[in-house]
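3D, please:
(2 chains)
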There are 2 protein chains.
Amino acid sequence: MALRIFGDSISGNCLKVKWVADFLRIPYVWTETSVVNAQTRTPQFLTLNPAGQVPLIILEDGRPLAQSNAIMLHLADGSALIPADAYERARMLEWLFWEQYSHEPYVAVARFQMRYMGKTRQEIGERIYERGAAALKRMDDALAGGGFLVGDAASLADVALVAYTRVAHEGGFDLSAYPAVKAWVARVETALGIV
Amino acid sequence: MALRIFGDSISGNCLKVKWVADFLRIPYVWTETSVVNAQTRTPQFLTLNPAGQVPLIILEDGRPLAQSNAIMLHLADGSALIPADAYERARMLEWLFWEQYSHEPYVAVARFQMRYMGKTRQEIGERIYERGAAALKRMDDALAGGGFLVGDAASLADVALVAYTRVAHEGGFDLSAYPAVKAWVARVETALGIV
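Presented below is the predicted three-dimensional model:
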């Protein structure tokens, strides 16, 4: 059995997994699974992932694995997307955890609410925009010298953070206020072959 | 220079790092850094961690590392707290990311708001309690058979999740509704020597 990915194509978290598999030429079968249509909440799906979230992968041997960043780390083990140096690897992990705690809950949530739930900025609330702006500002500072988030090449830190940053405008964020981030998005898309 | 840990003793995220260092007998110097008193927002601290968060460690060679789970993974590299099996390691990472996204923002935030900011359950809001209860329920199901979250021994998954689960009652959660979790907390405390 080939690797199976349950994912929602509108979800940056799911696209992370697709991009890594594509970049590393890992064959997979994609099963489109809609969050909005509650396909992650069916009894069958909850058996595979009790957290009721995509992405979820089923390994060749039938065992499941969830959480976008954990999946990427597993698929990319031993590849160039994970720095060989222990400190750089630790910094990459620092960005991965920061992404899920301090970036995704604001930048991704604003986009989901605005683009897919039809909410206005006022309905979404200024707290989300303040925190999302703080996250983008932090990235802009870190990327001021060009390059990638960790080391000299694209790593999983860039994959994780580009996923929702590149579509931040769909949630009402203006990336032109973060020129280093904007240039980095283009670099990462090129490096990973993301279209 | 010994390892230096900047941490707030009331923060479960910071205690995770302390417990791992203590368990692995890694010498360190602890610098108490109060979140409530904004000691994580001073210009000096922001130079070390632009995210303005504890825990933060300064490695022996002077390089900084943030994010509790990334720090634990770095300190515990090669130890028994990280499963040797690739799939078990991946599942451990799944729990670490889930903890920061689906547990900490509810269980830890309710505790911080109630115990340290003096808010009532009503002021904290039912959404926090619903999501926190869902997280504790998921853990209770996963731990119904006893043991630890991954494999046969305590791993970083248990360290990460016990940190705020053991003090969930300080945020208004009643752990007696989750008997498997309650028994697991005692097991993890014993295994790690947490008092």
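
is it correct that residue A:87 is in contact with residue B:60?
No - contact criterion Cβ atoms under 8 Å: residue A:87 and residue B:60 do not qualify, at 11.1 Å. C-beta here means a position set from N, CA and C on the backbone, and glycine is covered the same way.

more neighbours: these two, which one.
More neighbours surround residue A:87 than the other of residue A:87 and residue B:60, with 15 against 10 (other Cβ atoms under 10 Å in any protein chain shown).

leaving out the residues flanking it, which one is nearest to that one?
Nearest non-adjacent residue to residue A:87, counting by Cβ to Cβ, 6 or more residues apart in numbering or on different chains: residue B:63, 6.0 Å away.

same question for residue A:138.
In space, residue A:138 is closest to residue B:50, 5.6 Å off (Cβ to Cβ, 6+ apart).

can you check the pLDDT for that neighbour?
Residue B:50 carries a pLDDT value of 95.

and it, how many neighbours does it have?
By the criterion of other Cβ under 10 Å, residue B:50 has 15 neighbours.

residues touching it, list them.
The contact partners of residue B:50, by Cβ atoms under 8 Å, 6 or more residues apart in numbering or on different chains, come to A:138, A:141, A:142.

kindly report the same for residue A:129.
Contacts of residue A:129 by Cβ under 8 Å, 6+ apart are A:106, A:110, A:121, A:172, A:173.

got a list of what the fourth one touches?
The reference is to residue A:172. Taking Cβ under 8 Å, 6+ apart, one finds A:110, A:114, A:121, A:124, A:129 in contact with residue A:172.

so how far is residue A:171 from the nearest residue to the fourth one once chain neighbours are set aside?
Counting by Cβ to Cβ, 6+ apart, residue A:124 lies nearest to residue A:113, which is 4.9 Å off, once chain neighbours are set aside. When Cβ to Cβ, to the nearest Å is the yardstick, residue A:113 and residue A:171 sit 7 Å from each other.

more neighbours: which of the two?
Higher neighbour count among residue A:113 and residue A:171: residue A:171, with 23 against 19, using other Cβ under 10 Å.

what does chain A have sitting close to chain B?
A:50-51, A:59, A:63, A:65-71, A:73-74, A:77, A:86-87, A:90-91, A:93-94, A:96-98, A:100-102, A:104-105, A:138, A:141-142 (Cβ under 8 Å from any Cβ of the partner chain).

narrow these to those that are buried.
A:51, A:59, A:65-71, A:73-74, A:90-91, A:93-94, A:96-98, A:100-102, A:104-105, A:138, A:142 (16 or more other Cβ atoms under 10 Å in any protein chain shown).
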